[in-house]
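1. Test case, fold it:
(2 chains)
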Amino acid sequence: MAKYITKRIIYLIITLFIIASVTFFLMKFLPGTPFSNEERLTIEQREILNAKYGLDQPIPIQYMNYMVNIVKGDLGVSFQFENQPVMDLLMNRIGPSMQLGVQAMIIGTIIGIALGVLAAMFQNTWIDYGSTFLAILGKSIPSFVLAALLQYYIGVKLGWLPVASWNGFSSSILPTIALACFPIATAARFMRTELIEVFGSDYITLAKAKGNSRGEVAVKHAIRNALIPLITVLGPMAVGLMTGSMVVEKVFAVPGIGEQFVKSIMTNDFPIIMGTTLFFAFLLTVIILIIDILYGIIDPRIRLNGGDK
Amino acid sequence: MNREEIKEIPKEQFEPAPIDHEAGERLEKPQLSFMKDAWLRVRKNKAAIVSLIILALIVIMAIIGPHLSGHDGYEQDVAKSNLPPRVPVLENMGIFDGTQKVGGEEVNKYEQMNIEEYYWFGTDSLGRDLFTRVWLGTRVSLYIAVLAAAIDMLVGVIYGLVSGFKGGRTDNVMQRILEVISGIPNLIVVILMLLILKPGIMSITIAMVITGWVGMARVVRGQVLKLKDQEYILASRTLGAKNNRLLFKHLLPNLSGVIIINTMFTIPSAIFFEAFLSFIGIGLQAPSASLGTLIEDGYKTFQFLPHLMIIPCILICVILIVCNLIGDGLRDAFDPKMRD
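-> Numbering: from 1, shown residues only, chains lettered A, B, ... in the order given. Below is the predicted model of the structure:
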């Protein structure tokens, strides 16, 4: 186990190093400049700006500085927002993103598990078909389409919930629904297949033979065993949520990291793009690592030799 | 029956029947080719068949649709901008008759401005026919998706085949590379690539392919590892088959199931990604249209002209749902566990 974890952490560091390097060099090749009104600046002014942000040094030196700073947790300062450190900008905006992500994850998995269990218990009935259809919808409809439609029908036409603002819980409902769709679909599909397999195993037959009712068998024996592998889909779910958060936050004007990222792409704010990229990459790789390790601890049947066989 | 009758049975009837040695070898069912077998299974899945028909219709519309309405998809005519949908027969029934609510009042812009033409899906802010543009957009979206899926398939299959078949150190190195690449979130690579490449159909495709092939390579490698030690490979090798023959004649056909399933799921995810990128503003640039750019354009004015956003939204949802259903159907059809 310890060997496996060490190995995975080494990979994680290599991956992050590559992402950081790639991000850095790509940004150097990026067309356009971060200074929006550059045409109007004189050459001297431009030189002053370049010197201020360290853009006048040779690229290898810039690269070294960048790497050293990352290790220290310093992601540079934003070009657009009055020299604010990128780290501070990220930390200021992490709250709403986290709130939405966590809400969507919790609601999504709970509803998803419920749908999956129902579908498996009533296999090949209209309950099953309905739940499967919902899962297909959730998997297929892009989060931004759903977000835009929710905003139009519930926000604008019915006026039940705020359209695009960020104050209080009520404004987080629509974005959460838009985000939760994907986790619901993933969890429901997964639970259904998993449970159907479990229902076919011998110990379920035994439990039934002992005279337990259908509900008892499902709750006491089947669901508990089917829940363990559900941990494996949490990784893809986190990736989906992150992708979704960018567009959903844009649509609902949520002051989160995703919305800022999309904005900084428009304004060529390199430090924010690089910082957010690294932050997302770090978050995702760490989440996936934790999930893998957790799964190994919970389910001893899984072999932890890195999938060499 | 008495004894007398029994005696009357002629002796010839008690001769042993001639043994037919071939009978044991004879096959009960007609032998099915791989594709026929798969088709028989898919055919049972009604959702997949309906989806297949809908997808075929959408593809046909993507080809001929832009020429049906008689309006050009790029020509701008500000005099006819922002028209609501109006369809010839349906307008008599009170729907799609060209009316829209402006400030709480029903207004028919067609009558006000004496426009005789019918714009089935209305027009956008530059007076371009949305019907034509939607199908042009579908064409572009499908084109990008199919191209990306095809390249993913090519790279992934070759990588997986080589890695799994060679084994040993080659496999080890190739797997380590794969592990690092798959650790990098797909979305981030795509966004970074699009920032440096000029936005366009090719660069979106390339950006998606850079990390997209990893899944295919993994699946193919896993299958190759499973298959390469089986007897029929050994038999073929004993008969003197070269590696190329083993790979392409024996392994590849047996892999086609997983390859097809994987590709069928790559297509919707590529459509989604393209639309996603266009929506956050780094996808295709005007004047070219994809479903994503249409949604993005429509989104800007959706409070007043919802049809500009809703129509492409519906279309993209239908395409994605249909693709996923076909993928599911194929997976069930090819899944060896389901064989009866």
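2. Pull out the buried positions in stretch A:176-185.
-> For stretch A:176-185, the neighbour count (16 or more other Cβ atoms under 10 Å in any protein chain shown) marks A:Thr176, A:Ile177, A:Ala178, A:Leu179, A:Ala180, A:Cys181, A:Phe182, A:Pro183, A:Ile184, A:Ala185 as buried. Quick note: C-beta positions are derived from backbone N, CA and C, even for glycine.
3. Any idea how far apart the tips of stretch A:155-173 sit?
-> 11 Å (Cα to Cα, to the nearest Å).
4. who touches that stretch?
-> Residues from elsewhere that reach stretch A:155-173, judged by Cβ atoms under 8 Å, 6 or more residues apart in numbering or on different chains: A:96, A:99-100, A:103, A:151, A:154, A:174, A:251-255, B:302-303.
5. Export the buried residues of stretch A:176-185 as CSV, with columns for pLDDT.
-> Formatted as CSV, those follow (pLDDT from 0 to 100):
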residue, pLDDT
A:Thr176, 86
A:Ile177, 84
A:Ala178, 85
A:Leu179, 86
A:Ala180, 87
A:Cys181, 87
A:Phe182, 86
A:Pro183, 87
A:Ile184, 89
A:Ala185, 88
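6. Let me see the mean pLDDT of the one helix or strand B:Thr170 maps to.
-> With elements taken from DSSP states H and E, the one containing B:Thr170 is helix B:168-183. Average pLDDT, helix B:168-183: 80.
7. what does stretch A:231-242 give?
-> Averaging pLDDT along stretch A:231-242 yields 80.
8. Repeat that for stretch A:282-293.
-> Stretch A:282-293 comes out at a mean pLDDT of 82.
9. thinking in terms of the whole chain, how far from its middle is it?
-> 11 Å (Cα atoms, centre = their mean, to the nearest Å).
10. Check stretch A:228-245 too.
-> In this view, stretch A:228-245 has its centroid 7 Å away from the chain centroid, taken as Cα atoms, centre = their mean.
11. What of stretch A:126-143?
-> In terms of Cα atoms, centre = their mean, the centre of stretch A:126-143 is set 21 Å apart from its chain centre.
12. how about the residues of the stretch 51-200 of chain A that lie near chain B?
-> For the stretch 51-200 of chain A, the residues in contact with chain B (Cβ under 8 Å from any Cβ of the partner chain) are A:136-137, A:139-142, A:144-145, A:148-149, A:151-152, A:156.
13. Can you flag the buried ones in those residues?
-> A:Ile136, A:Leu137, A:Lys139, A:Ser140, A:Ile141, A:Pro142, A:Phe144, A:Val145, A:Ala148, A:Leu149, A:Gln151, A:Tyr152.
14. from these, which is closest to A:Glu216?
-> Using Cβ to Cβ, A:Ile136 comes nearest to A:Glu216 of those, at 30.7 Å.
15. now for the host helix or strand of the closest one, which elements pack on it?
-> Secondary structure assignment for A:Ile136, by DSSP H and E: helix A:126-140. With contacts defined as 3 or more Cβ pairs under 8 Å, 6 or more residues apart in numbering or on different chains; DSSP states H and E, helix A:126-140 has these neighbours: helix A:86-121, helix A:170-199, helix B:306-334.
16. B:Leu195 in helix, strand or coil?
-> What DSSP: H, G, I helix; E, B strand; the rest coil gives for B:Leu195 is helix.
17. Just confirm it contacts A:Ile265, I think it does.
-> Yes: under the criterion of Cβ atoms under 8 Å, B:Leu195 makes contact with A:Ile265 at 6.8 Å.
18. Can you check which residues contact both of the two?
-> With Cβ under 8 Å, 6+ apart as the test, B:Leu195 and A:Ile265 both reach A:Ile273, B:Ile282.
19. Let me see the ranges of the helices in chain B.
-> For chain B, the helices defined by DSSP state H cover B:3-7, B:34-44, B:46-68, B:109-112, B:130-166, B:168-183, B:186-196, B:201-227, B:231-238, B:243-245, B:252-279, B:291-300, B:306-334.
20. which of those is buried the deepest?
-> Highest mean neighbour count of the helices of chain B: helix B:291-300, a mean of 24 (counted as mean count of other Cβ atoms under 10 Å in any protein chain shown).
21. what's the neighbour count on the closest residue to A:Asp56 other than its chain neighbours?
-> Closest residue to A:Asp56 apart from its sequence neighbours, by Cβ to Cβ, 6 or more residues apart in numbering or on different chains: A:Asn50 at 4.5 Å. When counting by other Cβ atoms under 10 Å in any protein chain shown, one arrives at 14 neighbours for A:Asn50.
22. Kindly report the same for A:Gly101.
-> A count of neighbours around A:Gly101, defined by other Cβ under 10 Å, yields 22.
23. which ones are touching the nearest residue to it once chain neighbours are set aside?
-> What sits nearest to A:Gly101 in space, not counting adjacent residues and going by Cβ to Cβ, 6+ apart, is A:Leu241, at 5.2 Å. Contact analysis of A:Leu241 by Cβ under 8 Å, 6+ apart lists A:Gly101, A:Ala104, A:Met105, A:Leu179, A:Phe182, A:Pro183.
24. what about A:Leu241, which SS state?
-> Three-state call for A:Leu241 (three-state DSSP): helix.
25. And A:Asn212, by the same measure?
-> What three-state DSSP gives for A:Asn212 is coil.
26. got a list of what it touches?
-> A:Asn212 sits next to A:Lys220, A:His221 when contact means Cβ under 8 Å, 6+ apart.
27. State the distance from it to chain B.
-> To chain B, A:Asn212 is 28 Å away according to Cβ to the nearest Cβ, to the nearest Å.
28. Show me which residues of the stretch 151-300 of chain B are close to chain A?
-> B:175, B:179-180, B:183-189, B:191-193, B:195-196, B:268, B:272, B:275-276, B:279-282, B:295, B:299.
29. how about 6 Å then?
-> Within the stretch 151-300 of chain B, the positions near chain A by Cβ under 6 Å from any Cβ of the partner chain are B:180, B:183-185, B:187-188, B:192, B:195-196, B:272, B:279-280, B:299.
30. Reformat those residues as CSV; add distance to A:Phe169.
-> Listed next are those as CSV, based on distance: Cβ to Cβ, whole Å:
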residue, distance to A:Phe169
B:Val180, 41
B:Gly183, 36
B:Ile184, 35
B:Pro185, 30
B:Leu187, 28
B:Ile188, 31
B:Leu192, 35
B:Leu195, 36
B:Ile196, 41
B:Phe272, 30
B:Phe279, 27
B:Ile280, 26
B:Tyr299, 25
